[in-house]
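Peer 1: Predicted model and sequence below, questions to follow.
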Amino acid sequence: MVVQNPDTPRELERYLRPDSTAGIGFDQLCGTAGAVRTGALLNAAPQILGVSLNPQIVQQGDVFLGISGAKRHGAEFVDTAIGNGAVAMITDTAGLEFLGDDLAIPVAVVADVRKSAAVIAQAVYGTDQRSPKLFAVTGTNGKTTTTFMIRAILDALGEETGLIGTIEMSARGQIIPSVLTTPESTQLHGVLSRMAQQEVASVAMEVSSHSLSYGRVDALRFAVSGYTNLTQDHLDLHGTMDEYFETKAELFTAERSDRAVVMVDDEYGQRLADRALVPTETLSLDGDHATAHWRVTELEHCGLGHSFTLVHRDGRQLRTRTLLPGMFNVANGALAALMVLAGGADLDALQRALDSKDPLSVAVPGRMQVVGESPVAVVDFAHNSDALAKALDSIRPGEQGRRIVVFGATGERDKTKRPDMGAVAARHADIVIVTDDDPHGEDPAPIRDQVASGAQHVLESERPQVQLFNIAPRAKAVEFAVSLAGANDAILVAGRGHEVSQDVAGIDVELDDRVELANALNLHGFVTKS
């Protein structure tokens, strides 16, 4: 069941919290959060039923958290919050300066509202007492697919499940589209309370570095946390790879997680496993890591994907497969299975579920999604150099076939990766078509030029046979790629995956790579996958 496009963000908010709460007195909440009451209404003690950081989505009975924003302070919008039903407010000393003396609701002050938000939400929604078992997946690439696989395995084991991530949130089959990879802490505690109310047993959740940096997953406890990989991305936020790693490593501490499963096929995975402060099992696809607890063996092609065996050094085994293309999906599937095992699943029951339901072949929107098979035509979310290289290597053209890639780079993000992505494309594809991704507020033409410059350098120094094109808009670039393709070729449209609109100068332009690719295949006489 899909929640059908609520008319306003305020209506959507109702799906991100329980149908009802017992509530908590404002004074008790202030004591829990270390907030100090102030103002004329010191004797007022309303019952708090919900929490919101956004005055536009406040519900009746909420405490409004007035937080300092990039340009304005949330306390400036207290009248909107009151109009929507706020019965109390917690802010900081800067926010207090915006409030008048005759405010209609009681106020309390904390030093840092954002840091307190998760504790406040936990107290209001009771997630410290009742919450589903949580499986967290972090890393640069593979989070979405791994969480879909975890949910599919748990479904196959007969559990009632939920999912929180980039593409969707779901609880027992009810789907709510997501905006952020991880919601704000207030919404996260609210939706987990809702899932507990619906008797969801386990939830698979993507945990991004942003969510850790901004405190969105604070006051949660994860039964199992998993690590996929770490490659250059989000350096506009973190500055350096070491800072990016340190942020991810926060998840693997006793304050946040009970157990962990870590891929150790990159240097950061090895570092993480060496320093993890919770019981940790390691996993490797690479035979060089003989000390890993689990290794992938007996790897064989199976359709577009692979079958494989997971072997523990104590002799335990799991035999399974994924029909999703690419070795990285073998890694995702292996990690998902072992996280479920680490979460307490019986090995024999897990093997039966893998055999009978094929959960690692679950379709993930926009993640190596096959749109056509002759030529092979795939849409993927790969939006950094490592993911692009792996996605290109995973699509296998026929005899004497060529790899064709259509991609771009996002505006207002890490500019240093743009020429590197171009270079990667030129090393792994035969035809490179650079186009626009989401330019946001940047002029798209210079972004394309920066990407193309990296590809041009590889053409001049390494692979002069590669064909390079710079084409916009994106739909035209996709159609041009298909016009060049023969039945034995393989086309990858990368970077946007499941997204259905393109941000151009703040305007959402309708665009779905899967639709454009299917239309282009049909236009040129090819068959699309049903």
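Peer 2: Now that the structure is in, tell me what you want to look at.
Peer 1: Every contact and neighbour count from this point should use C-alpha atoms.
Peer 2: OK.
Peer 1: Ile24 and Ala377, how far apart?
Peer 2: Using CA to CA, to the nearest Å, we find Ile24 at a distance of 54 Å from Ala377.
Peer 1: Between these two, which has more neighbouring residues?
Peer 2: Ala377 (28 against 18; other CA atoms under 10 Å).
Peer 1: Assign the more buried one to one of the three secondary structure states.
Peer 2: At Ala377, secondary structure determined by DSSP: H, G, I helix; E, B strand; the rest coil is strand.
Peer 1: what sits against it?
Peer 2: Contacts for Ala377 (CA atoms under 8 Å, 6 or more residues apart in numbering) come out as Val370, Val371, Ala490, Ile491, Leu492, Val493, Leu517.
Peer 1: mind running it again at 10 Å?
Peer 2: Counting by CA atoms under 10 Å, 6 or more residues apart in numbering, Ala377 makes contact with 368-371, 395, 397, 404-405, 482, 485, 489-493, 514, 517-518, 521, 528-529.
Peer 1: Kindly report the same for Glu300.
Peer 2: Glu300 touches His306, Ser307, Phe308, Thr309, Arg321, counting by CA under 10 Å, 6+ apart.
Peer 1: Quick one: buried ones out of the contacts of Ala377?
Peer 2: Listed as buried from the contacts of Ala377 are 368-371, 395, 397, 404-405, 482, 485, 489-493, 514, 517-518, 521, 528; burial here means 16 or more other CA atoms under 10 Å.
Peer 1: What about the residues you listed, which are in strands?
Peer 2: Gln369, Val370, Val371, Ile404, Val405, Ala490, Ile491, Leu492, Val493 (DSSP state E).
Peer 1: and the closest residue to Ile164 other than its chain neighbours, which of the three is it?
Peer 2: Once flanking residues are discounted, Ile164 sits nearest to Met205: 4.7 Å by CA to CA, 6 or more residues apart in numbering. Secondary structure assignment for Met205 (three-state DSSP): strand.
Peer 1: same question, Leu283
Peer 2: Leu283 ends up strand, using three-state DSSP.
Peer 1: okay, now Val137: neighbour count?
Peer 2: Counted with other CA under 10 Å, residues neighbouring Val137 total 31.
Peer 1: following the lowest-mean-pLDDT helix or strand in the chain, which helix or strand comes up?
Peer 2: In the chain, the helix or strand scored least confidently by mean pLDDT, DSSP states H and E is helix 235-238, which has a mean of 54. On the C-terminal side of helix 235-238, the closest following helix or strand by DSSP states H and E is helix 241-249.
Peer 1: Buried residues of that next one, list them for me.
Peer 2: Met241, Tyr244, Phe245, Thr247, Lys248, Ala249.
Peer 1: Next: stretch 523-530.
Peer 2: Going by 16+ other CA under 10 Å, stretch 523-530 has these buried residues: Phe526, Thr528.
Peer 1: so how far is the first residue of it from its last?
Peer 2: 16 Å.
Peer 1: Ok, stretch 70-77 next?
Peer 2: Terminal residues of stretch 70-77 lie 15 Å apart, using CA to CA.
Peer 1: Buried residues, it. List them.
Peer 2: For stretch 70-77, by 16+ other CA under 10 Å, it's His73, Gly74, Ala75, Glu76, Phe77.
Peer 1: just stretch 213-222 next, same as before
Peer 2: By 16+ other CA under 10 Å, the buried positions in stretch 213-222 come out as Ser213, Gly215, Arg216, Val217, Asp218, Ala219, Leu220, Arg221, Phe222.
Peer 1: Could you tell me which of those are located in helices?
Peer 2: Mapping the buried residues of stretch 213-222 onto helices (DSSP state H) picks out Ser213.
Peer 1: For the buried residues of stretch 213-222, give me CSV that also has distance to Gln60 and pLDDT.
Peer 2: As requested, those are exported to CSV (distance: CA to CA, whole Å; pLDDT from 0 to 100):
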residue, distance to Gln60, pLDDT
Ser213, 30, 89
Gly215, 25, 92
Arg216, 23, 93
Val217, 25, 95
Asp218, 25, 96
Ala219, 24, 97
Leu220, 25, 97
Arg221, 29, 97
Phe222, 31, 98
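Peer 1: Next, format the buried residues of stretch 213-222 as JSON lines and append distance to Gln187.
Peer 2: Shown next, in JSON lines, are the buried residues of stretch 213-222 (distance: CA to CA, whole Å):
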{"residue": "Ser213", "distance to Gln187": "17"}
{"residue": "Gly215", "distance to Gln187": "12"}
{"residue": "Arg216", "distance to Gln187": "9"}
{"residue": "Val217", "distance to Gln187": "10"}
{"residue": "Asp218", "distance to Gln187": "12"}
{"residue": "Ala219", "distance to Gln187": "13"}
{"residue": "Leu220", "distance to Gln187": "13"}
{"residue": "Arg221", "distance to Gln187": "16"}
{"residue": "Phe222", "distance to Gln187": "17"}
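Peer 1: from the buried residues of stretch 213-222, which is closest to Ala455?
Peer 2: Ser213 (33.4 Å; CA to CA).
Peer 1: got a pLDDT number for the closest residue to that closest one other than its chain neighbours?
Peer 2: Leaving aside its sequence neighbours, Ser213 sits nearest to Thr247 (CA to CA, 6+ apart; 6.7 Å). Looking at Thr247, its pLDDT is 92.
Peer 1: Check the one 4 residues further on too.
Peer 2: Residue-level confidence at Leu251 comes out at 96, pLDDT.
Peer 1: Return the distance of the closest residue to it other than its chain neighbours relative to Val217.
Peer 2: The shortest distance from Leu251 to any non-neighbouring residue, by CA to CA, 6+ apart, is to Ser257 (6.7 Å). Going from Ser257 to Val217 by CA to CA gives 11 Å.
Peer 1: and for those two, which residues touch both?
Peer 2: Leu251.
Peer 1: before we move on, the earlier item: let me know the closest of the contacts of Glu300 to Gln467.
Peer 2: Checking those one by one against Gln467 (CA to CA), the nearest turns out to be His306, at 30.8 Å.
Peer 1: Listing partners with orientation, what would you give for the helix or strand hosting the closest one?
Peer 2: Using DSSP H and E, His306 falls within strand 305-312. Here strand 305-312 is paired, per DSSP bridges, with strand 294-302 (antiparallel), strand 317-322 (antiparallel).
Peer 1: For the lengthiest helix in the chain, what does the pLDDT average out to?
Peer 2: With secondary structure taken from DSSP H, the chain has its longest helix at helix 444-461. On average, the pLDDT along helix 444-461 is 98.
Peer 1: can you list contacts of the next helix or strand after it?
Peer 2: Sequence order places strand 467-470 as the next helix or strand after helix 444-461, per DSSP H and E. Strand 467-470 is contacted by residues 404, 406, 408, 422, 425-426, 429-436, 445, 448-449, 451-452, 455-456, 459, 477, 480-481 when judged by CA under 10 Å, 6+ apart.
Peer 1: Just give me how far strand 467-470 sits from the chain centre.
Peer 2: Put simply, strand 467-470 sits 31 Å off its chain's centre (CA atoms, centre = their mean, to the nearest Å).
Peer 1: What of stretch 24-33?
Peer 2: 33 Å.
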